[in-house]
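Trainee: Please work out how this folds:
(one chain, ligands or ions: 1)
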Amino acid sequence: MNASAIREILKITQRPDVISFAGGLPAPELFPIEEVRAATNAVLDRAGAAALQYSTTEGHPPLREWIGAQAGIPASNVQIVTGSQQGLDLLGKVLLDEGDTVLVEAPTYLGALQSFQPYLPRYVQLPTDDGGIDVDALEEVLKRERAKLLYAVPNFQNPTGRTLSAERRQRLVELTAQYGVLVIEDDPYGQLRFSGEAAPSLYELGLQLHGDPDRNHVVYSSSFSKTLAPGLRDAWVQAAAPIIAKLIQAKQGSDLHTPTLNQMIMAELVHDVLPRQIERVRRAYGERAQHMLRAMQAHFPAGVEHTTPQGGMFLWLTLPGGVNTEALLPRAVERQVAYVPGRPFYALGGGENTMRLSYSNATPAQIDTGIRALGGLLQEALTA
Ligand SMILES: Cc1ncc(COP(=O)(O)O)c(CN[C@@H](CCCC(=O)O)C(=O)O)c1O
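Mentor: Here you go, the predicted model:
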């Protein structure tokens, strides 16, 4: 077990005077509080006792059915989980044995590493570039390794903000099917595109390849955290029946079921509130991303490389070698700005000169102020 660098830094960034580019937190001022109040009242008026009672591990049927209908699969291939973080934890529990080879992006989402680590897998890192995973490198790895699973975030990746290109998605799905490697597609940001063209999910490509949800080697994980509200902890996994059956058994032993009331509230919100909220959030994050990119252009010293996201919440900085972003963080917090150092996102170490910036939880004015402060610090660090 090890701590989440993001969770630990969030304790620092609770300070009101610190502008945080650290946690991938949705903009609190955009939460649909009144709509959630109305949905909660409607649920309690209509089914108050049931909403406060234990419920089934599989999840609230109307919510599973809505998710299944969106994906074009039976509700029986959908498992509701308590945040997609629980989905990752349960998938690690049911799929991994000690020493299993797990293919992950370099860098990858540190929360997945935290979920998989207790099962003592053996990581192999896949090189990535601005088009996402290098699928030629993937093919070489698959020839050499007997891998149990590949974990990827194809849309607006955490932590880099990169998106896996359409042609590489097709190759990845075909190669992993050919070599019998399970794919976990983690996609909490997929709805938050603010530029460029959407590509089919790995799950959809797997469905096309196999023609049957129960033969799809791609497991899909997503969440209502980034589109609606992380505090409700409503998320889901789409998988073949044997994997769903194991997830249910693991979840029975973990938390019995996802909060009944929260599932019923979400089942109210998905019809009208969710589509409107997605539009609001996509527009706001697109504006904030542009604001951050312009501010970096104005205030960062030469030599700082950055990604340019087409959606989601993050972009990724690579500084000239020799700068250690973990060592730099306390000096940044002294200047009232915070970020997540990049090293914890690498399964096998490295990345000391990288950092993740989130633009979702800062207003344009705060972005200007925070990036100016960070730019001053980087200027000092690079000329020290
Ligand atoms: C790729 C990916 N997969 C799963 C999750 C977990 O989201 P939920 O459990 O569904 O809220 C996340 C959320 N990660 C955020 C939130 C973590 C915030 C926190 O630890 O408080 C982050 O990287 O900052 C994610 O980015």
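
Trainee: Alpha carbons only: can I get the strand or helix carrying Ala365 in PDB?
Mentor: Element membership of Ala365 [criterion: DSSP states H and E] is helix 364-383. Output in PDB follows, covering the C-alpha atoms of helix 364-383 (Å, rounded to 0.1, in the frame of the first residue of the first chain):
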ATOM      1  CA  PRO A 364      -9.600  32.400 -15.400                       C
ATOM      2  CA  ALA A 365      -8.400  35.100 -13.000                       C
ATOM      3  CA  GLN A 366      -6.900  32.500 -10.600                       C
ATOM      4  CA  ILE A 367      -5.200  30.800 -13.600                       C
ATOM      5  CA  ASP A 368      -3.600  34.000 -14.600                       C
ATOM      6  CA  THR A 369      -2.300  34.700 -11.100                       C
ATOM      7  CA  GLY A 370      -1.200  31.100 -10.400                       C
ATOM      8  CA  ILE A 371       0.600  30.600 -13.800                       C
ATOM      9  CA  ARG A 372       2.300  34.000 -13.400                       C
ATOM     10  CA  ALA A 373       3.600  32.800  -9.900                       C
ATOM     11  CA  LEU A 374       4.600  29.400 -11.200                       C
ATOM     12  CA  GLY A 375       6.300  31.000 -14.200                       C
ATOM     13  CA  GLY A 376       8.400  33.200 -11.800                       C
ATOM     14  CA  LEU A 377       9.400  30.100  -9.800                       C
ATOM     15  CA  LEU A 378      10.300  28.100 -13.000                       C
ATOM     16  CA  GLN A 379      12.400  31.100 -14.300                       C
ATOM     17  CA  GLU A 380      14.400  31.000 -11.000                       C
ATOM     18  CA  ALA A 381      14.700  27.300 -11.000                       C
ATOM     19  CA  LEU A 382      16.000  27.200 -14.600                       C
ATOM     20  CA  THR A 383      18.500  29.900 -14.100                       C
END
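
Trainee: which parts of that helix are buried?
Mentor: 364, 366-371, 373-375, 377-378, 381-382 (16 or more other Cβ atoms under 10 Å). C-beta coordinates here come from the backbone N, C-alpha and C atoms, glycine included.

Trainee: In a markdown table: these, plus pLDDT.
Mentor: Below are the buried residues of helix 364-383 laid out as a markdown table (pLDDT from 0 to 100):
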| residue | pLDDT |
| --- | --- |
| Pro364 | 95 |
| Gln366 | 97 |
| Ile367 | 98 |
| Asp368 | 97 |
| Thr369 | 98 |
| Gly370 | 98 |
| Ile371 | 98 |
| Ala373 | 98 |
| Leu374 | 98 |
| Gly375 | 98 |
| Leu377 | 97 |
| Leu378 | 97 |
| Ala381 | 94 |
| Leu382 | 93 |
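
Trainee: Contact residues of this structure facing the ligand?
Mentor: Applying Cβ under 6 Å from any ligand atom, we find that the chain lies next to the ligand at 4, 6-7, 10, 23-24, 83-85, 109, 111, 153, 158, 186, 188, 223, 225, 230, 235.

Trainee: Show me the contact partners of stretch 51-60.
Mentor: Residues outside stretch 51-60 that contact it (Cβ atoms under 8 Å, 6 or more residues apart in numbering) are 43-44, 64, 78-80, 236, 248, 251-252, 256-258, 260-261, 263-264, 267.

Trainee: And that stretch, end to end?
Mentor: End-to-end distance of stretch 51-60 (Cα to Cα, to the nearest Å): 10 Å.

Trainee: Now do the buried residues in that stretch.
Mentor: By 16+ other Cβ under 10 Å, the buried positions in stretch 51-60 come out as Ala51, Ser55, Thr57, Glu58, Gly59, His60.

Trainee: Mark which of these are part of helices, please.
Mentor: By the criterion of DSSP state H, membership of the buried residues of stretch 51-60 in helices covers Ala51.

Trainee: I'd like to know which of the buried residues of stretch 51-60 is nearest to Asn324.
Mentor: For the buried residues of stretch 51-60, the residue nearest Asn324 by Cβ to Cβ is Gly59; the value is 44.1 Å.

Trainee: Please tell me how far the closest one sits from Gln86.
Mentor: Per Cβ to Cβ, to the nearest Å, Gly59 is found 12 Å from Gln86.
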